[in-house]
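**Q** Got a sequence here, can you build the structure:
(chains A and B)
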Protein chains: 2
Amino acid sequence: MSTDPDYYWNQAFLEAQKAFSINEVPVGAVMVRNGEIVGRGYNQRISKNNALLHAEMVAIADACTQLGTWRLDDCDMYVTLEPCAMCTGALIESRLRKVYFAALDDKTGCVLSQYTLLDDKLLPHRVDYEYIPQARCQHIMREFFEDKRG
Amino acid sequence: MSTDPDYYWNQAFLEAQKAFSINEVPVGAVMVRNGEIVGRGYNQRISKNNALLHAEMVAIADACTQLGTWRLDDCDMYVTLEPCAMCTGALIESRLRKVYFAALDDKTGCVLSQYTLLDDKLLPHRVDYEYIPQARCQHIMREFFEDKRG
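**A** Numbers count the residues shown, from 1 in each chain, chains lettered A, B, ... in the order given. Coordinates of the predicted model:
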């Protein structure tokens, strides 16, 4: 157990590195409850042939299994990239307390970039969020896409 | 194999009835490719303790497994209720060709009701859609919530 956000970020970044190592878009996430990591995930959509397996989705499913509930209202997520529409919706559906993210996704991000789904108050449940920029989480994305182009 | 949309709707409605029978919000979905059903799902979020298990998500995962690909760009979905943010995002992420839905969801629908995610052209992939109202799909929702309240 730890109450140091650096620890959660290190773990989320480790998850992103796992995705990078198998040639997936490098995104990682951990779920934290009472200082303990209760779920983790990295992007596996291509390697597992399943469009749903973004890092956040894997971490949510893992936490639901570990905690034995669909309702994660005492959990926070640390994720290396801004969530897309699917993942932002999943945070709402799981009643997450708060999501922290470390890089923006200009094309598909739905918290600050393309939509502001968590601010608009159009959907019935509210999830708090905080954008905490981190160079390593931005760099790993750039490195991945430069490698693929190069 | 069938090319009759009534057949797909009957199957989607059967899925919704499965959800109803286990006291879940009654939503059902089928995935169709070249006239064949290649995925099906009903809402199981409470019974399986997993916030992600909306009907559409189960049907997408099923189709990905059956077809061995994350990319469903030659598939259409028939679903009894308008998709939420998570599910609309999942349709985009799976590159679905078209989604048909049979009832509106005023509170959480993200195709026509609270958001118009598939019309806005803000996200990089486009999914076609058509709203085809069906009394039975609307009634089963009303019956479910009236039973719960009563």
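
**Q** got the residue ranges for the strands in chain A?
**A** Listed in chain order, the strands of chain A (DSSP state E) span A:28-33, A:36-42, A:76-79, A:98-101, A:128-131.

**Q** Looking at those, spot the one closest to residue A:16.
**A** Nearest to residue A:16, of all these, is strand A:28-33, at 3.4 Å by C-beta to C-beta. Every C-beta, even on glycine, is put in place using the N, C-alpha and C of the backbone.

**Q** for that closest one, packing partners?
**A** Contact here means 3 or more C-beta pairs under 8 Å, 6 or more residues apart in numbering or on different chains; DSSP states H and E; on that basis strand A:28-33 packs against helix A:5-21, strand A:36-42, helix A:55-67, strand A:76-79.

**Q** Pass me the low-pLDDT residue ranges in chain A, would you?
**A** Across chain A, the ranges flagged by pLDDT under 70 are A:1, A:149-150.

**Q** got the residues of it near chain B?
**A** Counting by C-beta under 8 Å from any C-beta of the partner chain, the positions of chain A adjacent to chain B are A:45-46, A:48-52, A:54, A:57, A:60-61, A:64-65, A:68-72, A:84-90, A:92-95, A:107-108, A:110, A:114-115, A:117, A:122-124.

**Q** Quick one: residues contacting residue A:28.
**A** For residue A:28, the contacting residues are A:11-19, A:40-43, A:55, A:79-80, by C-beta atoms under 8 Å, 6 or more residues apart in numbering or on different chains.

**Q** cutoff 10 Å now
**A** Counting by C-beta atoms under 10 Å, 6 or more residues apart in numbering or on different chains, residue A:28 touches A:9, A:11-20, A:40-43, A:55-56, A:58-59, A:78-81, A:102, A:137, A:140.

**Q** Same check on residue A:43?
**A** Neighbours of residue A:43 in contact, by C-beta under 10 Å, 6+ apart: A:15-16, A:18-20, A:22, A:24-29, A:53-58, A:80-81.

**Q** let's see 8 Å
**A** Residue A:43 is in contact with A:19, A:24-28, A:53-55, A:58, counting by C-beta under 8 Å, 6+ apart.

**Q** what does residue A:93 give?
**A** When contacts are counted by C-beta under 8 Å, 6+ apart, residue A:93 touches A:125, B:45, B:51-52, B:54, B:84, B:86.

**Q** any idea how far it is from residue A:59?
**A** Residue A:93 sits 14 Å away from residue A:59, going by C-beta to C-beta, to the nearest Å.

**Q** For the closest residue in space to residue A:92 that isn't next to it in sequence, what are phi and psi?
**A** Spatially, and ignoring its direct neighbours in sequence, residue A:92 is nearest to residue A:125 (5.1 Å; C-beta to C-beta, 6 or more residues apart in numbering or on different chains). Dihedral pair for residue A:125: phi -120, psi 150, per degrees, to the nearest 10.

**Q** what's the burial count for residue A:125?
**A** Counted by other C-beta atoms under 10 Å in any protein chain shown, the residues lying close to residue A:125 total 13.

**Q** same check, this time on residue A:68
**A** Using other C-beta under 10 Å, the number of residues around residue A:68 comes to 7.

**Q** and what of residue A:134?
**A** A count of nearby residues for residue A:134, using other C-beta under 10 Å, gives 16.

**Q** sorry, back to before: how about the strands of chain A in TSV, adding distance to residue B:147?
**A** As requested, the strands of chain A are exported to TSV (distance: least, C-beta to C-beta, whole Å):
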stretch	distance to residue B:147
strand A:28-33	33
strand A:36-42	33
strand A:76-79	34
strand A:98-101	34
strand A:128-131	34
